[in-house]
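Trainee: how would this look folded up:
(one chain, ligands or ions: 1)
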Amino acid sequence: MPWCEPCDKWRSPDALMPDGTCPRCRSQVDQGQLAVEAQERAAAKQEAAKIPWHFWVMVAAAAIYLVWRVIQGIGTLF
Ligand SMILES: [Zn+2]
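Mentor: Now for the predicted structure:
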């Protein structure tokens with residue numbers, strides 16, 4: 001949360017002016033913490049987008065199973 005020194009109040013990021021100033025006193029609000037939070041959110045997003053290892057275990061298991069079924073299918077032909 002950005003802190004406004006002159007108003008002595010927390011300002012929600014949505015309540016700030018588009019240029020990052022306080023809507024009441026028009027002073028630049030310290031957004032250092034906000035930038036850190038945005039970075040953390042971006043990092044968390046990236047972490048979530050990364051494919052987990054157990055997905056590849058399932059892909060490998062499905063591939064092995066399908067290969068086995070193909071071998072069985074070929075076996076029934078002869
Ligand atoms: Zn202010």
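Trainee: residue closest to the middle of the protein?
Mentor: Residue closest to the mean C-alpha point of the chain, counted by C-alpha atoms, centre = their mean, is residue 45 at 1.1 Å.
Trainee: following the helix or strand containing it, which helix or strand comes up?
Mentor: In this assignment (DSSP states H and E), residue 45 forms part of helix 32-49. As assigned by DSSP H and E, the chain's next helix or strand after helix 32-49 is helix 53-77.
Trainee: so for that following helix, what gets flagged as buried?
Mentor: Buried residues in helix 53-77, counted by 16 or more other C-beta atoms under 10 Å: none are found. Just so you know, the C-beta spots here come from the backbone N, C-alpha and C atoms, and that holds for glycine as well.
Trainee: in the chain, what spans have low per-residue confidence?
Mentor: Where the chain drops to pLDDT under 70, the residues are 31-36.
Trainee: what parts of it come near the ion?
Mentor: 4, 6, 7, 22, 24, 25 (C-beta under 5 Å from the ion).
Trainee: show the contacting residues for residue 55.
Mentor: Counting by C-beta atoms under 8 Å, 6 or more residues apart in numbering, residue 55 makes contact with nothing.
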